[in-house]
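K.L.:
model this:
(2 chains)
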Protein chains: 2
Amino acid sequence: MEKFTRNQRVAAITKVLIENPNKIINLNHFTEMFNAAKSTISEDLVVVKDTLNKLSMGRIETISGAAGGVKYVCGLSYEKSKEFAEKLCIILKNRERIIPGNFLYVTDIMFNPQIIHTAAIILASAFNDKCVDYVVTVETKGIPLAYQVAKMLGVQLVVVRRETKLTEGSTLSINFVSGSSGRIQNMSLSKKAMKKGSKCVFIDDFMKAGGTAMGIVDLLKEFESELLGIGVLIDNVETPKKLIHDYVSIVDFEGSDEKGEALLFPSKMFK
Amino acid sequence: MEKFTRNQRVAAITKVLIENPNKIINLNHFTEMFNAAKSTISEDLVVVKDTLNKLSMGRIETISGAAGGVKYVCGLSYEKSKEFAEKLCIILKNRERIIPGNFLYVTDIMFNPQIIHTAAIILASAFNDKCVDYVVTVETKGIPLAYQVAKMLGVQLVVVRRETKLTEGSTLSINFVSGSSGRIQNMSLSKKAMKKGSKCVFIDDFMKAGGTAMGIVDLLKEFESELLGIGVLIDNVETPKKLIHDYVSIVDFEGSDEKGEALLFPSKMFK
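P.N.:
Residues are numbered from 1 along each chain as shown, chains lettered A, B, ... in the order given. Next up is the predicted model:
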């Protein structure tokens, strides 16, 4: 079997941990991978741990016991998170983003992997210590963000559909009132999608009055499950608030000024 | 400024590269991060490069010139890819996945970040050398896979909608004939979503007769853009083929046997 130097082991261990956020990896995985002693791997892990700490790039946690091991927990420094929120505001202020009906075009942002990766780290950090079972979203625009948060939390993603699909098997449906438009809408979820008694986080692109989030609470009740928290990329703070009060957001949208320019600011998380 | 050991630099460089697949990172980024000479960083990079090679975990490429630097290109060995396809077949064969109408329930698979991460590496590997501008998918189930492939290729994701949305601005719509059901369907895409003259890869969960893929070809023509390739997780090889012949897939679905058990095999990529 090939031998690996400490440098090489450190590189490989970093890759494995980073690619499996919040998943406990048993030390045997690494001792077998490198044909090395547990004490050697433990020393390698100290290097990785110290480096992430020093650079505020998340952290490595050690879990003791038979099912124990190490896991990578994502994180970003307050400064870098704030810098990200500020940059996002500049991107979103582009006048061409205002579309008829006073909407803000954000689709390209929600489907930009680099932006979504960082946004997901910031949102996931709010729920890292909460024993989440599922990340839930409603189709369509929030799916990449919710997927990336689920990946960071090491859990399954659940996507609530706007209408029932043949390929979902038996579904549970509820009606809810959109908080901003007052219209009645439907959401449905396959009965196979979630175990009873689960703890969930709801992730979405935009928060207006919170009607969708209220709908999610009702839908989760049908699954005897609980909503632990909510995270959104953009909070429309202009909408008279709000059915929901407890959530995290990255950017505040305050509508447009008299020149038709969008008013965007880093959220209260950064004040 | 803090000093970093070679081990620590190797850990941090690995993390930065892995988190930014297919993105060229200038060496100055690392010399500033560690307050180290370029020659030192080059030596660190050799360690990372050798390790990924040795373990078949993708590769590091060096790009020379003023806009040059290094980038991580994802990859997985043939053996590990095949092992993944075989495991996926076992998971999919579970009898409870057959739902009325002879559909296979795959939603949980498409929304499982660990499975999608590996599937995306396998599919992205087919397009790593093709100068892709966008990864395109049609809502909803294929979005996480398409997002993850886009991330691996370092490009933007584009999600084609089933119906026109207010928040998308001006859209281009086309009708297409579903190859398996023969029904006429609609797909639309915001005019802001894609630059003219782009090269695209289409990623989806399931391939049946290929009607959706043909629709994508037509839609891309409206954007004066080109389809370079197609990748799907599951290929329904039972459907009389096919409007589309050139695509990569991971698992073949051959319908069910007389006992009602789903017939699933690793795709021809692994034969």
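
K.L.:
Just say helix, strand or coil for the residue nearest to residue A:14 when sequence neighbours are not counted.
P.N.:
Of all residues beyond its chain neighbours, the one nearest residue A:14 is residue B:14 (4.3 Å), with distances taken as CB to CB, 6 or more residues apart in numbering or on different chains. All C-beta spots, glycine's among them, are computed from the backbone N, C-alpha and C. Of the three states, residue B:14 takes helix under DSSP: H, G, I helix; E, B strand; the rest coil.

K.L.:
Then residue A:206?
P.N.:
Using three-state DSSP, the structure places residue A:206 in strand.

K.L.:
Quickly list what it is bridged to.
P.N.:
Beta-bridge partners of residue A:206, counted by DSSP bridges, are residue A:234.

K.L.:
Is it in contact with residue A:232, as I believe?
P.N.:
Yes: using CB atoms under 8 Å, residue A:206 is in contact with residue A:232, at 6.3 Å.

K.L.:
Neighbour count: the two, which is higher?
P.N.:
A count of neighbours by other CB atoms under 10 Å in any protein chain shown puts residue A:232 above the other of residue A:206 and residue A:232, at 25 against 21.

K.L.:
contacting residues around the more buried one?
P.N.:
A:203, A:204, A:205, A:206, A:207, A:247, A:248, A:249, A:250 (CB atoms under 8 Å, 6 or more residues apart in numbering or on different chains).

K.L.:
Would you agree the fifth one is in contact with residue A:213?
P.N.:
The one in question is residue A:207. Yes: between residue A:207 and residue A:213 there is a contact at 7.1 Å, judged by CB under 8 Å.

K.L.:
hey, what's in contact with both of those two?
P.N.:
Shared contacts of residue A:207 and residue A:213, defined by CB under 8 Å, 6+ apart, comprise A:230, A:244, A:247.

K.L.:
How about stretch A:262-271 and chain B, any contact?
P.N.:
No: using CB under 8 Å from any CB of the partner chain, stretch A:262-271 never reaches chain B; the gap is at least 13.8 Å.

K.L.:
just stretch A:163-177 next, same as before
P.N.:
Yes: applying CB under 8 Å from any CB, one finds stretch A:163-177 in contact with chain B at A:166, A:167, A:168, A:169.

K.L.:
Can you give me the end-to-end span of stretch A:190-204?
P.N.:
This stretch, stretch A:190-204, spans 19 Å end to end (CA to CA, to the nearest Å).

K.L.:
can you give me how far it is from the chain middle?
P.N.:
Relative to its chain's centre, stretch A:190-204 lies at 15 Å (CA atoms, centre = their mean, to the nearest Å).

K.L.:
do the same with stretch A:98-110
P.N.:
Mean-position distance between stretch A:98-110 and its chain equals 21 Å (CA atoms, centre = their mean).

K.L.:
Return the set of buried residues in it.
P.N.:
By neighbour count on 16 or more other CB atoms under 10 Å in any protein chain shown, the buried set for stretch A:98-110 is A:98, A:99, A:104, A:105, A:106, A:107, A:108, A:109, A:110.

K.L.:
what's the answer for stretch A:151-168, then?
P.N.:
Across stretch A:151-168, burial judged by 16+ other CB under 10 Å covers A:151-162, A:168.

K.L.:
show me where the stretch 1-150 of chain A has strands.
P.N.:
Along the stretch 1-150 of chain A, the segments classed as strands by DSSP state E, counting those that start in this stretch run A:59-63, A:69-73, A:98-99, A:103-104, A:134-138.
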